[in-house]
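A.B. asks: got a sequence here, can you model it:
(3 chains)
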Amino acid sequence: MKLADLANALKLELHGDAAHEVSRMAPIASATANELSFVVSAQYTEQLVASRAGAVIVPPALAKHVSGNYLVSDNPYASYARASWLLTPETEPPAGIATTACIDPTATISTSASVGEHCVVGAHAMVGDSVVVGAHCILGENVSVGAHTRLFSGVTVYDDCRIGEYGRIQSGAVIGAEGFGFAYDKGWLPIHQTGRVVIGNKVHIGANTTIDRGAIEDTSIADGVLLDNQIQIAHNVRIGENTAIAGCVGIAGSTRIGANCQIGGACNIVGHLEIVDNVVLNATSYVTQSIKKPGRYGSGMPLQTNGEWKRSFVILSKLNELLKRVRRLEKHNE
Amino acid sequence: MKLADLANALKLELHGDAAHEVSRMAPIASATANELSFVVSAQYTEQLVASRAGAVIVPPALAKHVSGNYLVSDNPYASYARASWLLTPETEPPAGIATTACIDPTATISTSASVGEHCVVGAHAMVGDSVVVGAHCILGENVSVGAHTRLFSGVTVYDDCRIGEYGRIQSGAVIGAEGFGFAYDKGWLPIHQTGRVVIGNKVHIGANTTIDRGAIEDTSIADGVLLDNQIQIAHNVRIGENTAIAGCVGIAGSTRIGANCQIGGACNIVGHLEIVDNVVLNATSYVTQSIKKPGRYGSGMPLQTNGEWKRSFVILSKLNELLKRVRRLEKHNE
Amino acid sequence: MKLADLANALKLELHGDAAHEVSRMAPIASATANELSFVVSAQYTEQLVASRAGAVIVPPALAKHVSGNYLVSDNPYASYARASWLLTPETEPPAGIATTACIDPTATISTSASVGEHCVVGAHAMVGDSVVVGAHCILGENVSVGAHTRLFSGVTVYDDCRIGEYGRIQSGAVIGAEGFGFAYDKGWLPIHQTGRVVIGNKVHIGANTTIDRGAIEDTSIADGVLLDNQIQIAHNVRIGENTAIAGCVGIAGSTRIGANCQIGGACNIVGHLEIVDNVVLNATSYVTQSIKKPGRYGSGMPLQTNGEWKRSFVILSKLNELLKRVRRLEKHNE
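C.D. replies: Numbers count the residues shown, from 1 in each chain, chains lettered A, B, ... in the order given. Next up, the predicted model:
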């Protein structure tokens, strides 16, 4: 791709040889003449100066350090995101339904959709325009998948669940399994989980992530939500727009998470809480109470050498005793 | 469903219009005339008074607050569990084997069982009466699935594993994968995992949960055990009757967990421990020693604002120093 | 198998009846006359003395305690690992491609490989000699699987990923899903993940483990790496030779882990770190900074009774205040 065309498509100012061609992205340290790179901050100035990249996307302040071709962007990382699709476009499978797929006759599949080998699509399901359903996906009865969404292979969507437009769902994700709801009466009694999972537009769902259907009401994932791999979202949870959640997070039943939150990896959020908009949780945060103020929070423990850790472990087991000793000292000093 | 029939089926006392009909469950705050709701405690009295539900299941003490129809139950949550299946019964697929399923000729499939599209059933496997095997399930050689159990789509059961009656296993669950057992001799040597997974009756297993086969002996899950999503159960683990485990829990090899335990989400239990009956673990508990007394335990850290957390992080890294300072003060005061 | 043949195959010294036959492994406490057992340390002397095993593998120092047949090994656990495959060899499916598998005509499948029912193999994929691909596996375009590797059923490998020789990958593993990379510009912009996952030889990957493809460069798993179940490895991560990682661990993007590390269950390692060779992490360790020295580390919290834990929880929420009180006491004592 010629730099002139790239600058045009990205709406960026180009400095240098407009006819120069680049064919893909590369890190600033290793990029060569036919590769495009980017730099987000002055932290990388040294690498930028030494770079042999065919062109570099830089913020205005760093332009002076580039000797070769460059594109100026107020948000180089966003420009990189856009360029990544322009330089290496996705190969989409052709429209049509694989011969080994089992499609219920009452299902509606857009003629521009692609349905892969061995898929199973249930009664009254709807697959929208330009949707790609990878091999081995299972769409239950009444499931709907909005236009331009891509399900990679091996995604399972239980009956009645709804997926919006422009989504991307990775392999092994399970949408709509039965929530973990039981009453106890001389033994566990399962509660029929009759709610759905309703997923908005532009939602990304990672590999092996699970989102349970609601007990009575729906589990709901708003537009623009990003879910990494191996996340567990329990029944009745609601997640607000553009909230991004990193891998291995668990969210227990009926908790509501606001919009524009960022939740670090392996956080655990207990059930029936409310977390307001714009909350950031450090990785491994343990949330036992509702969060009413936006801001950043954390609860993870520091790593220590095993010797130090063992001592800390003993002290932490007797923290109340330590507090009492401090109180005794304070009394003594009164 | 008429309230009279519902009261009959639930064995509850009905007050109000026996001919009134309800068609499904709804939360007390939003239930309308053709919906049934329930209230478990006085905490919801206000909502109960204001409710427009067609009928409400209430504990005896709250009956006086209901102006409309109600059913009196000593355990309203259990009555709700039972009603959830009566009002919205599960639709079961018809008996029979899908034409795309690959069934070994030596396998035995009950004529009342349903086996879904693209299933693979190995040699000498047995599928019991009224079992539902969803699409894309894989049952290895010698696997047995007891009567009335339902496997949702995409469940994998390795060779020789046994699943009891009346179970429910959600999509993506993997039963019987090889345990993580290796010796070291100038490189890792895998140990052939020749045990099985043996699962009792009325066991629920969540989506993407994994239960490894035993190394020599079996991994064993007793009757009535409830496992939520994304749980990892390592080889040789034994879990006692009616124990319920929430999502994202990890249990390392050879640990034995008693009966009637409740294990919160994201707990981690190391290997070779024994946990007695009736232990309750708060979410994110880290268990490094056997638990010999029934009761409730926890180890999770409190959430703090990022500023507080950073300070705590530093203090926790030097906890031993803090203890020494307290000791020095105590000495000084002697 | 005759003990003479077993001793020969294991290269161990046999004491006792060379013609005695054993047919499988069993634990020392329950082994019977036709079973082989092993003991690794003096901790098990009592059970060794009482054992009725047909033969026992023992370290030299314990030989004197055995009254029956025994094999002497400097590493009884490694000898057990080898014996486990000799006594109960794996049954491998016959070579050939199942009739229900969908193989792209440009894919190359070794005639000695076995490809199971309903597998999907993409264009230009290569499946090496003696490879076993279980039922329902999906190999994307350009995927290669090295000789003697076994994929159990339901493994998904995205386009372009490479798997070495002599590997074992359990069901539900997802190799090469899109990394979790997004820029923000009035909404999330996904970054096209164009790197691969490159996996070395003798790598074991557990059930439902996920390894994301790199953003630009590759995610890389070196020879001999062991990954348990439900591990999440983010894009661009590199893991060095023979490192073993227990279940439920999460490793965030671009982190590099050295060789011969051992990472306990449910650890969480944040992104962009470097961990040197020979690091051991206790279970549930939270790693927020690079680890530059080999050794053992930990950060998990001690379990307490719920009452103690609640008190600790309050104290931990006010740790900074506790420190200030100690400081005040110190000042007072100056």
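A.B. asks: use CA for all of it now, contacts and neighbours both
C.D. replies: Noted.
A.B. asks: quick check: buried residues in the longest helix out of those in chain A?
C.D. replies: For chain A, the longest helix by residue count, based on DSSP state H, is helix A:319-333. Buried residues in helix A:319-333, counted by 16 or more other CA atoms under 10 Å in any protein chain shown: A:L319, A:N320, A:L322, A:L323, A:R325, A:V326, A:L329.
A.B. asks: what about chain B: which of these touch it?
C.D. replies: A:L322, A:R325, A:V326, A:L329 (CA under 8 Å from any CA of the partner chain).
A.B. asks: could I get the residues you listed as a markdown table with pLDDT?
C.D. replies: As requested, these are exported to a markdown table (pLDDT from 0 to 100):
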| residue | pLDDT |
| --- | --- |
| A:L322 | 95 |
| A:R325 | 95 |
| A:V326 | 95 |
| A:L329 | 93 |
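A.B. asks: sec struct for A:F313, please.
C.D. replies: Applying DSSP: H, G, I helix; E, B strand; the rest coil to A:F313 yields a three-state assignment of helix.
A.B. asks: can you show me the helices along chain A?
C.D. replies: Ranges of helices within chain A are A:3-10, A:45-50, A:76-87, A:306-317, A:319-333, based on DSSP H.
A.B. asks: please report how far A:E92 lies from A:T149.
C.D. replies: Plainly put, A:E92 is 12 Å away from A:T149 if you go by CA to CA, to the nearest Å.
A.B. asks: with neighbour numbers in mind, choose between these two.
C.D. replies: Ranked by neighbour count (other CA atoms under 10 Å in any protein chain shown), A:E92 and A:T149 place A:T149 first, with 26 against 11.
A.B. asks: what residues does the stretch 201-334 of chain A put near chain C?
C.D. replies: Residues of the stretch 201-334 of chain A lying near chain C (CA under 8 Å from any CA): A:206-208, A:224, A:228-230, A:242, A:246-248, A:265-266, A:283-284, A:300-306, A:309, A:313-314, A:316-317, A:319-320, A:323, A:326, A:329-330, A:333.
A.B. asks: correction: the stretch 1-150 of chain A
C.D. replies: A:25-27, A:75, A:77-78, A:80-82, A:84-85, A:88, A:117-118, A:135-136.
A.B. asks: kindly recompute the last result at 7 Å.
C.D. replies: By the rule CA under 7 Å from any CA of the partner chain, the part of the stretch 1-150 of chain A lying against chain C is A:M25, A:A26, A:Y77, A:A78, A:A81, A:S84, A:W85.
A.B. asks: who wins for most neighbours among those?
C.D. replies: When neighbours are counted as other CA under 10 Å, the busiest of these turns out to be A:M25, with 28 neighbours.
A.B. asks: partners of that residue in the sheet?
C.D. replies: With DSSP bridges applied, the residues forming beta bridges to A:M25 are A:L36.
A.B. asks: that one and A:S37 touch, don't they?
C.D. replies: Yes. Using CA atoms under 7 Å, A:M25 makes contact with A:S37 at a distance of 5.6 Å.
A.B. asks: shaky segments in the stretch 201-334 of chain A?
C.D. replies: Screening the stretch 201-334 of chain A residue by residue with the criterion pLDDT under 70, one finds no matching range.
A.B. asks: quick check: A:L226 touching A:A244?
C.D. replies: Yes. Here A:L226 lies in contact with A:A244, judged by CA under 7 Å, at a distance of 4.5 Å.
A.B. asks: quick check: the residue of the stretch 51-200 of chain A nearest chain B.
C.D. replies: With CA to the nearest CA, the shortest gap between the stretch 51-200 of chain A and chain B falls at A:I191, namely 4.4 Å.
A.B. asks: which one is that residue nearest to, not counting chain neighbours?
C.D. replies: Nearest-residue entry for A:I191: B:A81, 4.4 Å, with adjacent residues in sequence omitted and distances by CA to CA, 6 or more residues apart in numbering or on different chains.
A.B. asks: look up how far chain C lies from the one you found.
C.D. replies: Between B:A81 and chain C the distance, using CA to the nearest CA, to the nearest Å, works out to 29 Å.
A.B. asks: quick one: pLDDT of that residue?
C.D. replies: You'll see B:A81 listed with a pLDDT of 98.
A.B. asks: who touches it in this structure?
C.D. replies: Listed by CA atoms under 7 Å, 6 or more residues apart in numbering or on different chains, the contact set of B:A81 reads A:A183, A:L189, A:P190, A:I191, A:H192.
A.B. asks: so the second one bridges to which residues?
C.D. replies: With DSSP bridges applied, A:L189 shows beta-bridge pairing to A:A183.
A.B. asks: that one: neighbour count?
C.D. replies: Counted with other CA under 10 Å, the neighbours of A:L189 add up to 19.
A.B. asks: does it touch A:A183 like I think?
C.D. replies: Yes. In terms of CA under 7 Å, A:L189 counts as a neighbour of A:A183; the distance is 5.0 Å.
A.B. asks: kind regards, and thank you for your time.
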